[in-house]
Structure formats: structure tokens, C-alpha cells
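Trainee: Give me coordinates for this.
(3 chains)
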Amino acid sequence: MKTPVTFTHNGAETAVFVDGGANLLDVLRRGVGDLSPKYGCGQGTCGACTVLIDGAPHLACLVLAEAAAGRRIETTGGLQTGPEPHPLQRHFMEGFAAQCGYCTPGMLMAAKALLDDKPAPTRDEVVEAISGNLCRCTGYEPIVDAILAAAAEMRRRAA
Amino acid sequence: MSSIEFRKDLFADERDDTLSEIGHPRIRQDILGHVTGRTRYYDDHLFDGLLHMRCVRSPHHHARIRHIDTSAAERLEGVVRIVRPSDVPRNLNTLLSLIGFGRDDEALLSPTKVAYRGEPVLAVIAVTERAAREAVAAVRVDWEVLPHVLDVEEAIAPGAPSVNDTYPNNTFDYHERYDHQKLRFGDVEAGFAAADHIVEAEYQMSPIEQAPMETCGAIAAPETNDRYVCHTATQALFFSLGTTAKLLDIASSRLHFIGGTVGGGFGGKVDSITEPMAVLGATLTGRPVKFMWDREEEMQVGAPRGGERWRIKDGVAADGRILARSFTGFFDAGAYTRLSSYAIVKGTGHLPGPYTIPNVASNVFCVFTNRTPATAMRGFGITGVDFAIECHMDKVAEAVGMHPVELRILNAYRDGDMKPHRRAAKNCALIECCQVAAAKAGIRLSPEMAAASSLAGGGGARAEIPETAVDEVGRIGERRQRALPTAPQEGATTKRRVAAGTHGSSVGAAAPQRPDMAMDPRRIGHRVEGGGSQEVPGQARDISRPGVHLPPSRQAPEPVTRPAAAPPAAIPAAARPGLDPGPPGRAAEPPTSAPKPYEPAQPFQKGVKRPGVSRFLSGTRRR
Amino acid sequence: MLSVETHSTLAEAARAMGDRRRYMGGGTIVMREANYGASGFDRILRTTDPVLSEIRRENGGVFIGAGVTMARIVASPELAFLAPAARVVGGPAVRNMATLGGNLFAPTPYGDLATALLALEARVRAADGGEEPIERFLAGRERFGGLVAGVALTPPERDEFRFLKVSRVKPKGVSVLSIAAHLPRPAGRIAGARIAFGAMGPTPLRAKRAEAALEGVRLDADGIAPALAVASDGLAPADDALASAWYRREVAPVYLARLLLEGEPAR
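Mentor: Residues are numbered from 1 along each chain as shown, chains lettered A, B, ... in the order given. Have a look, this model is predicted:
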């Protein structure tokens, strides 16, 4: 049985029909067509499917699609809002913070949630913020560096 | 100044000295896709009407299939097709058959028995992933649980359960002759006798799962031109394409493989299992089919780096020179060969590590156990034994009272030294590495060690191949009859010696499937035995090529003439050329049938030799 | 095929519970099972009842709704004593989803918050208003047929409550074990200590012999030695991918000692 669900997806009002028990990750990827969140485990271990719901990071694979009704969902697909990449994206590129790239969309969302909340995080806070996101290629140091660099740039721009 | 100033002569004709990349960030060409989420991995291709395929897997380490009841599963809503072993056109393969190494030993879906936990025996195709899962859960398999073996040395003991029907002795057959890969150089027993210290130790490496973020998988769909497109996570696109063509008995020109964007692999995505499954699903249903492992499958049935056990015995002079080194190695291949056989050949070529040791011997066993089959992972074949060797060097240093760095410099290869696999060492740089590392670590080297150079002191007598003791211990199947020592030279009743200064001779690998696949002798570097009685079926022998090997019965002296494998009915395929095994992989078929070696429809070209092109790019570096 | 039923009140959801139905809180347990094809249920029940997200004072204690997330516990000053346990559950995304109610049912080695609640002798309140001690609730949770509304507990005095999670991965990892200790010291000596271990049995378990051995002692190496000797008594750790039962038993007293001596003046 399909159930209609509406939510805001990267700023756009979106309606989809979902299967009973479907998770938000499948609905975003196959229903909405936003392929930026990734499947890595389906059990909340890896963080590759991290999206923001009402600004807070959630694991899309563990969110019941029907529970997302009426909420505001952000994904990496909507991170860049103008002609230029988001500072997080730019520093991930320049700092070699991705190799295979599969964990990157989840990392970026976890990082965005942190910087939206804390514009000047400490290194430990960055490590904590991405502690639910696994990476098997680069090691975490370039990712942490890139997030700190992006935070600094965003503070400069805001000043 | 760059810290890597030493040995710039090595690649003088290869390297532009104005290179300045190291230390400067460079932006990856694919990274814009990664940070915007627009990179398309295999699962990022959407198909209308996509079907989902999942496998029924063994809950046992080792079991025979008595009966499978799919009636309840077939009745479930959303189930499109049950895929049985008999649906696989050529349901037996070994990965390296594409290069003619080893015999087909693994079914895509096992028809008769399972040899590791998680081995697939059946697949279900359904309209949703959940429906496929429900159908898998509804399949009833009547298992006859068999005794299993999980330890390499228990597996090679007489009476151990036989894991793999193609290799019933639980060891890969090397060169159709031995149950292990041998290396003999000089006489280790003489070296031990002359030594002041004997240093022995055992090292055990556990299996390691590559654990890529993206699990293995593939999506296949019929195209409109009688081809099948396959989006895959494979790390080895053409390998997967060739394997799929073989298993499905389909022309490779009808397969359109798209890959290259891999969500992490580390060696774990070369095994080419998901691609034939997905394409099979597409051929059986005429619809797009996805076959994707979930995380539990990735961890349970995804092939890991195999476990390895190494025993090293060194004979060392009081001054720190290593006079003899003997290796006994066991690779845990798991239930099927995959790439372990090759890893051992590669690892044996690496022995005894980057050190000039006049007497070296090794016996390395590729052992089948009821574990998940092992495969590639980052330097496999080398990583484990290197760990053992370098731990052992520290033990030796302690035994003789030398600094470990000085011990390494003393024993390191110099340019021109003969390596045990009978190639002269060149481009050596271990000494210089040690000197730089010592300086950076604040280790003061003796003047003699500080002055040592890879360019000096090598060659001459050190370039000679010593008189070499050889033995015939460990014929295929012999170990199954009675316990035999595993260490090199031990238990040898007849010993021969190959004269010093000669390259001796070598038994070639398994018979090439086609004459044009025979190894160019100039690239081997030593004479290859035998007159090539092993004809390629249906092919005239190319007399310009060396014969590759003789069946053991033609070799003399012969302590044992091809001992019977157990169960004796399972005679290796290569010993029965021309025998038509009939259709492979039927459930009713007894395990006695030996599959015909795979024959590609067209010969393929090896390597690329273009004048003026760097030998480091051309694939012909070995010369 | 799965279906979902959303109820506006907890009581209504409780009435709708039954065979092949599963109640879902934050989703970190139930959705994981659903994703892996769980065959034990085909209907997921949920509720939007606001009582589940309440944190309120009540009879000198505090009531915490079953739907309160780990992130909310961490952010709530009145629940500061629970923050050390809530903060180490998963990464930030899991903490935004995982609820107190779910943690009461989390299979070992999960259930760090439940371990803390066990040492605090919380009372588990069901949808029908009935209450039972958490220890009894945990022991019978497999057979629990109702729905949990929340827990009621008496907050510990300052510095009387301690929590330690031992994991192999920093900063986030699953428990090798976790320990919660409630250590009232009316006159400098322990009186009525409560020690609970997580991942040391099929559910969080009290270390009652260790509690008894702490009665009347001072928190120093000599005082706690008898408790350490019996730390693992009555616990039933299992082998899993993280640690063997043997290892868990071996390290349990080591970590208990660190927790008990934490912040105490060395002698």
C-alpha cells in the first residue's frame, strides 16, 4: 500500500508516495530522485545517508518515511545554492577530504549541522560531529581540517 | 631539498627532475561530483521496473543440500523468478581461469553442497527488496551438515574434511605436481649447520575485511541492441566482464559494462560475483535487476584478505650475516581459490625479503578451509609475509646483539645480487632508506654502515646461483595419505642437487589453454622442463614454444606416482584432457566430473610492446 | 508487506498493539530490523502523543517521556546527571533519533542509558500508568506486552552518580562494557551503593555483590578492593565481535576501579 507523504526537500515542497515501512533514504533516492545520500549499511552504523531534518542530522536509512511528513529535509544535493560551491564543498575539494567520495555527502551534512549550530567549533567538536560518519579512504584528518577551514571562511564572510 | 635524493640514477630516463607535485595540494578531477553528490556510483542509476535479487545462503560452514523447497516462496506476492543453479549456463569458474591459472572450482550458485557460511545456493528475484527478502526467508533448505575445518594446518592433516570438490586434498595444486609452492635456492640445511644462531618464530595474520563504504553490487538491464548494460562497483571491469561472459556463456560483445566509479574497494571488489548474478537476472526476466549486498553480506560473504601463518627459521652468523632462511607459509584461501593461489606465487617471488641470503627455501601452501573465500586486499601476498619478515629481522638483531637498522643494512640487497627467484637485484635502495630513516630517527650508525651503498659490494660471487638442494616432498595428495613435514627440505628421502651457476629448470604452470598463451621463455629467465605432452585440446602444439610441463608420471626419479587424491574419484581435470564432463553444475551430478577448462572464443593479447614507450608503462618490466 | 499505523495517543497505540505488530520510537532499532527484512512483524505502530516527549518534575523526582531523545537529554540542564550516558550513545545523528524508550529495549551491547537508569533505580511507567522497578522490567522485557510511557526517578545528589563507557573506537564506539554507579556517601562512607553494568549480560545487570562489598567503605584502593574482587559475580557477559566474555570479565574490575576512584584524592 502506498501512502502520500509531503515534506520540504532542499527548500522545495515535495510529495511522494511511499511503501509501508519504507525508509527515507530509499524515498529520497528513488522517489524524489535525489541520489546524494548513500546507502552504506542500512543499520545506522556508517553515516553515509546522513541528511538534515529540521536542521539536525539524521540517518535517512533509519527514518520511517512517513515520520518525515511535514518536515524540512536538507541533503548534499542542495548544499550549493548559488553559482559557487558551499565553503564546505570548496574546502573538501581543496583539502583532499574525499577519495572515493562515498562518505562525502554524509560528512558534509554532519559538518553543516555543526557549523549551523556552532560557527567556531573546536577540533574536538568537529571530531565529535562526524563521529557517526565512517570513511575508509582518506583517514579523517583532511576532513576535520577541511571543516575547520570552511568554518573559518564562513566566519570571515559573515564578519 | 627533497629528502629523496638518493638513487636518482634508478629512473634517470624516466623521471623529469623538475617534478614538484609532492607537498602541494592538487584538486582531484572527480571531486566536484563527490562534494555535490552528483558522482554516479553504480546504484545511482535509476531504472523503471527495477527488480531486486537476493540469495538464499548457507547457515552452515559445510553442508550438503538434500532438498530445496521453494513452493512457499514462489507463492509470495511480488516474486518474479526463482533462480536455480541449473539456470547458470556454465556454473563453475575460477577467477584466474581468464589467465589460465587453476581449475574451475566455484559455482555461482552451489548445486550440491556448501563449503562456507553464507555460500549462495539459490536466488530470488522480486519486485521490491522486501519481497525478495521475504521470499528468501520462505525458502526451505534441507541441509545435511558435514564436519568442517577452519584451521589451515588441521585442513591439511590426513582425515580432514574435504572442503572443495575440485581440490579434494584441501590444497591448491601447484604446477600439477606439488601441494604447495616451492622455492629452493642453495641449501638451507647446510646454512643452518654453518650458523652460530638459529632464530625461529611463527607469525599469524588474521583475515581482514576491506569494508568499503559502498557494498558490492551491480545493476543489469537489457539494452535495445541485444546487449545487456551492467552498472557495477567492480574494481576490475574487464575481469568482471570476462567472468560474466564465461559463467553465462554469452559473447562478451553482448555485455556493456559501465564502472570505474567505486565507493571504496581496497581489493574487495574484484571477485566478479555480483555482475554475473545481475546480468543473469536480467537475462532470465528481461527486466532491470539489481543485485546488491547489504552490510551484513558484505561482512559475512565479502571475500577478505585471507589469514596467513608463517614460520621463519634463520641461520645467522655471529657477525649478523644471515646464512640461511627457511619459510613455511599457509594461506587460508577459504573454501575456493579466488586469488589466493596467485598471491602465493607473488609472495614467493618476494622471498626472502629485500635481503641477500645465500640459502633460501620456502614451502607455501594455499589451503582450503570452510571459511569465506579470501581475495585481494592492498598488497596481498606480500603484506603478511613482509610483516613476518620484518618482525623476524628484529628478533635476529636481538639474537646477535646488533642494532636492527644495522642488521638490515648488512644484509640488504646490493645491485647485482642474485635473488632466490633467479633474477639479479637492481634498483636497490634499502640501504639508503635505512640510512635516511636512521638519520631522521636520531640513530647513530657505525661508520661502516653509514658508508654502505646499494651500488657497492653487490654482484660478483653474490651474483651466482649456488648449488641448490631440491626435493620432491609434498606431491599432490601425498599429505592426505600420511602426515608429512611442512617445512622445506624436511622429510625428503631422495635429494637431488642442481649444479651451481645454472638457472636449473622449472616446472611450468598449468598447461596454457592455447599455444599463444604460453609464456615467452625469455621472460621467464630459466629453462622450462618437459616436452609439452600436455596438449591443448583441439589445438596443434606450437613447437616454437617450450613445452610447459609433464605429467608427473613421466618424470624420474619418482618416489610416488601421482598419489590418489581423496576422494580418489576426483581426478584433476588437467589429468584427463579431452574428457567431456557433460553439463557442469547440475544438482544430480556426482562430484566426480571434471569440468573442461575454459576456452576463450578468441585469443587475447598479452602486454603491450611499443618502441620508445617507457618499459614501466608497457607491462614488460620483468625483462 | 509492511504497513504503518500512526495513533494520536499512547493509550490508543497501546490498545492497537498485538500479534505481528511492533511499536516504533526513534527508529534506530525497528527500522534497522525492517531494513533487514525482519519477519516478526508486518505492522509498525507509532504515536504522536506529546506525553512521550515530556520532561517534568513530579513528586520530588523527575519523569522523562519514552520519546525523549539522547540529544534532548544532553541538552536538558535538569538531566545533567544522565548526560554522560546519553552523550556516548552513537554519533550525533543517532542521538537525534534514539529515544529513552528504545534504549530500554536495546539488545546488548547497546543500552548504555538503560544501564544508567538501572543504577538510579528508575521506575518504568507503562501506558496504562502502572509502574515497575527497572530491574524487574529489564529482566522481563522480552515478554513485556504493553507500551512504555517513560521513566520516573529521583535525581541523585551532586557527584553521587558516575558513568563510564568502555569502547574500542574513539570518540564513538559500541560498548565493550559500560558501568553506572550511584554512590551515596552520607558520612564519607558509602551507603546503599548501586552498580550497574551494560554489555555484561543479556540486559543491563546490577552487580549486587559488589554493591554489598562497598557498604560502609571509603572510596580508596583498600576500601574498594573487596568490591573489585566480586565485580563480575552474577554477570553473564557473552562473546561478540567486540570482545570475548573472558575479556569482559577480566577488565570489568579494572574499569570499575577507575570509575570508583575517579576524582578521589590518591593515597
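Trainee: alpha carbons only for contacts and neighbour counts from here, please
Mentor: Fine.
Trainee: show me the contacts for the most centrally placed residue in chain A.
Mentor: Residue closest to the mean C-alpha point of chain A, counted by CA atoms, centre = their mean, is A:Met109 at 2.6 Å. Going by CA atoms under 8 Å, 6 or more residues apart in numbering or on different chains, A:Met109 touches A:50-52, A:57, A:75-76.
Trainee: Which single one of the residues you listed is nearest to chain C?
Mentor: A:Pro57 (4.8 Å; CA to the nearest CA).
Trainee: Tell me which helix or strand that closest one sits in.
Mentor: strand A:56-59 (DSSP states H and E).
Trainee: Pull the number of nearby residues for the residue lying closest to C:Arg20 once chain neighbours are set aside.
Mentor: Sequence neighbours aside, C:Phe41 is the residue nearest to C:Arg20 in space, at 4.0 Å (criterion: CA to CA, 6 or more residues apart in numbering or on different chains). Applying other CA atoms under 10 Å in any protein chain shown, we find 19 residues neighbouring C:Phe41.
Trainee: So C:Phe41 lies in a helix, does it not?
Mentor: No. Applying DSSP: H, G, I helix; E, B strand; the rest coil, one finds C:Phe41 to be coil, outside a helix.
Trainee: And it, how far from B:Asp249?
Mentor: Distance, C:Phe41 to B:Asp249, by CA to CA, to the nearest Å: 42 Å.
Trainee: sorry, back to before: most neighbours out of the contacts of A:Met109, which is it?
Mentor: Neighbour-wise, these (other CA under 10 Å) top out at A:Thr50, 35 neighbours.
Trainee: check contacts around that one.
Mentor: A:37, A:57-60, A:75, A:105-107, A:109-110, C:93.
Trainee: same thing with B:Ala137?
Mentor: By CA under 8 Å, 6+ apart, the neighbours of B:Ala137 are B:56, B:73.
Trainee: just C:Lys208 next, same as before
Mentor: Counted by CA under 8 Å, 6+ apart, C:Lys208 has contacts C:194-195, C:234.
Trainee: From the residues you listed, keep the buried residues only.
Mentor: C:194-195 (16 or more other CA atoms under 10 Å in any protein chain shown).
Trainee: which one among the contacts of C:Lys208 gets closest to B:Leu445?
Mentor: Nearest to B:Leu445 out of those is C:Ile195 (CA to CA; 56.4 Å).
Trainee: picking that back up, can you tell me which of the contacts of A:Thr50 is closest to chain B?
Mentor: A:Pro105 (5.9 Å).
Trainee: what are the ranges of the strands in the chain?
Mentor: Chain wasn't specified; assuming chain A. All strands of chain A, identified by DSSP state E, fall at A:2-9, A:12-19, A:50-53, A:56-59, A:72-74.
Trainee: Hmm, no, I was thinking of chain C.
Mentor: Assigned by DSSP E, the strands in chain C fall at C:3-7, C:21-23, C:43-47, C:55-58, C:61-65, C:123-126, C:131-133, C:148-153, C:161-167, C:175-182, C:194-198, C:205-206.
Trainee: Point me to the residue of chain B nearest chain A.
Mentor: B:Gly37 (4.2 Å).
Trainee: ditto for the stretch 151-267 of chain C
Mentor: C:Lys172 (5.7 Å).
Trainee: Give the burial count for the residue nearest to A:Ala149 when sequence neighbours are not counted, as a bare number.
Mentor: Take A:Ala149 and drop its neighbours on the chain: the residue closest to it by CA to CA, 6+ apart is A:His91, 6.6 Å away. Neighbour count for A:His91, taken as other CA under 10 Å: 23.
Trainee: Hmm, A:Pro142 and A:His91 touching each other?
Mentor: No. Using CA atoms under 8 Å as the test, A:His91 is too far from A:Pro142 to be in contact (9.5 Å).
Trainee: Find residues that contact each of those two.
Mentor: A:Ala97.
Trainee: For residue 3, list each beta-bridge partner.
Mentor: Picking chain A for this. Per DSSP bridges, the residues bridged to A:Thr3 are A:Val18.
Trainee: I was thinking of chain C, sorry if that wasn't clear
Mentor: C:Arg43.
Trainee: For the closest residue to chain B within chain C, give its distance to chain A.
Mentor: Nearest residue of chain C to chain B: C:Gly37, at 5.7 Å (CA to the nearest CA). C:Gly37 sits at a distance of 10 Å from chain A (criterion: CA to the nearest CA, to the nearest Å).
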